[in-house]
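Participant: Need a 3D model of the following:
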Amino acid sequence: MTNESFVTTADGTRLFFKDWGPREAQAIVFHHGWPLSSDDWDAQMLFFLSKGYRVVAHDRRGHGRSSQSSEGHDMDTYAADANAIVEYLDLKNAIHVGHSTGGGEVARYVARYGGNGRVAKAVLISAVTPIMLKTEAFPLGLPIEVFDGLRAQTAANRAQFFRDLPIPFYNFNRDGNAPIPGVIDNWWRQGMMGSAKAHYEGIKAFSETDLSADLKAIEVPVLILHGDDDQIVPIAAAALEAIKLVKHGTLKVYPGFSHGMATINADAINADILSFIEG
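Facilitator: Numbers count the residues shown, from 1 in each chain. Prediction:
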């Protein structure tokens, strides 16, 4: 296990990462969602660490403790940055787990860099795959106006927007789901650590990147997890389509679960990922 906490990429961006657990253990690499950080994986990293795994997570460029780089806020660079971490740590036979935008990052990373024994399995949680934007080729997606609205709110008052968005993110606006102040505060804290430019430009990355070819190219087993009441990435245009494109896929749908189910329903999600890894 390394004591270094940063990797510097070819363009000079410093990527922060966590690397916990025995070096010889199988690694699980976590890829976070927009606009958060590796801290969003606390419930998973502590759980899998307790099961004997090595757990690794990084802050995407422009997010968390990584450099607020001006450029590179696109899915190709996200995947290349993830590869820089993997190569630095020389991880082999790893499990890659991605949430939301991180699910798109995992799909592109595994498709492009996952050969040579680097990747054993992949898990996509509430992922943006195959594409979020409505296009002629993909009429199930959301209209561009939805993402223009996210951009407008990010630019106008990011701090207030990041107070408001966790409510539908965690389904705290549903009957019987009382808001959890600490969860909302932690979401806001993670978001505000990052760069407004990275967050603004990242909206295009997570909404307009077509990951269909990446999903088709993945040769390892893929577990796709999604809540059927996800208000951020609707399941009909995401998991229900993504499962059709992967070669070796398993889909699990959770009735009533939110986009943030890995936090709110960590016990269920962790158990299902563990079963998939060890199965």
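
Participant: When you work out contacts or count neighbours from here on, use the C-alpha atoms and nothing else.
Facilitator: Will do.

Participant: what residues are up against Ile95?
Facilitator: Taking Cα atoms under 8 Å, 6 or more residues apart in numbering as the definition of contact, the neighbours of Ile95 are Gln26, Ala27, Ile28, Val29, Val119, Ala120, Lys121, Ala122, Val123, Ile277.

Participant: Among these, which pair sits farthest apart?
Facilitator: Gln26 and Val123 (15.1 Å; Cα to Cα).

Participant: Of these two, give the one with the bigger neighbour count.
Facilitator: The neighbour count for Gln26 versus Val123, taken as other Cα atoms under 10 Å, is higher for Val123 (25 against 18).

Participant: Next, the more buried one: secondary structure please.
Facilitator: At Val123, secondary structure determined by DSSP: H, G, I helix; E, B strand; the rest coil is strand.

Participant: Can you tell me who it pairs with across the strands?
Facilitator: Each beta-bridge partner of Val123 is listed here: Val97, Leu223, as defined by DSSP bridges.

Participant: For stretch 251-267, list the C-alpha coordinates in PDB.
Facilitator: The C-alpha coordinates for stretch 251-267 follow below in PDB (Å, rounded to 0.1, in the frame of the first residue of the first chain):
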ATOM      1  CA  LEU A 251     -29.500  -6.500 -13.700                       C
ATOM      2  CA  LYS A 252     -31.000  -5.900 -10.300                       C
ATOM      3  CA  VAL A 253     -33.800  -3.300  -9.900                       C
ATOM      4  CA  TYR A 254     -34.700  -2.000  -6.400                       C
ATOM      5  CA  PRO A 255     -38.300  -0.900  -5.900                       C
ATOM      6  CA  GLY A 256     -38.600   2.700  -4.600                       C
ATOM      7  CA  PHE A 257     -34.800   3.200  -4.300                       C
ATOM      8  CA  SER A 258     -33.300   6.600  -5.200                       C
ATOM      9  CA  HIS A 259     -30.400   7.800  -7.200                       C
ATOM     10  CA  GLY A 260     -28.400   7.900  -4.000                       C
ATOM     11  CA  MET A 261     -29.200   4.400  -2.900                       C
ATOM     12  CA  ALA A 262     -25.500   3.500  -2.300                       C
ATOM     13  CA  THR A 263     -25.600   5.900   0.600                       C
ATOM     14  CA  ILE A 264     -29.200   5.600   1.800                       C
ATOM     15  CA  ASN A 265     -29.500   1.800   1.300                       C
ATOM     16  CA  ALA A 266     -25.800   0.900   1.700                       C
ATOM     17  CA  ASP A 267     -26.600  -2.400   3.400                       C
END
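
Participant: List the buried residues in stretch 152-171.
Facilitator: Using 16 or more other Cα atoms under 10 Å as the test for burial, stretch 152-171 gives Gln153, Thr154, Arg158, Ala159, Phe161, Phe162, Pro166, Ile167, Pro168, Phe169, Tyr170, Asn171.

Participant: helix or strand for the residue most central in space within the chain, which one?
Facilitator: In the chain, the C-alpha nearest the mean C-alpha coordinate belongs to Gly102, at 2.2 Å (Cα atoms, centre = their mean). Here Gly102, judged by DSSP states H and E, is contained in helix 101-113.

Participant: if we look at that helix, which residues are touching it?
Facilitator: Contacts of helix 101-113 with the rest of the structure, by Cα under 8 Å, 6+ apart, involve 31-34, 75-76, 78-80, 82-83, 96-98, 119, 122-130, 206, 211, 214-215, 217-218.

Participant: Quick check on those: which are buried?
Facilitator: Among those, those classed as buried by neighbour count (16+ other Cα under 10 Å) are 31-34, 75, 78-80, 82-83, 96-98, 119, 122-130, 206, 211, 214-215, 217-218.

Participant: Which of these fall in strands?
Facilitator: His31, His96, Val97, Gly98, Val119, Ala122, Val123, Leu124, Ile125 (DSSP state E).

Participant: Out of those, the closest to Ser66 would be?
Facilitator: So of those, ranked by how close each gets to Ser66 (Cα to Cα), first place is His31, at 13.7 Å.

Participant: what's across from that closest one in the sheet?
Facilitator: The partner list for His31 in beta bridges (DSSP bridges) reads Gly98.

Participant: Contacts only, for it.
Facilitator: When contacts are counted by Cα under 8 Å, 6+ apart, His31 is found next to Ser38, Ala57, His58, His96, Val97, Gly98, His99, Gly102, Gly103, Glu105, Val106.
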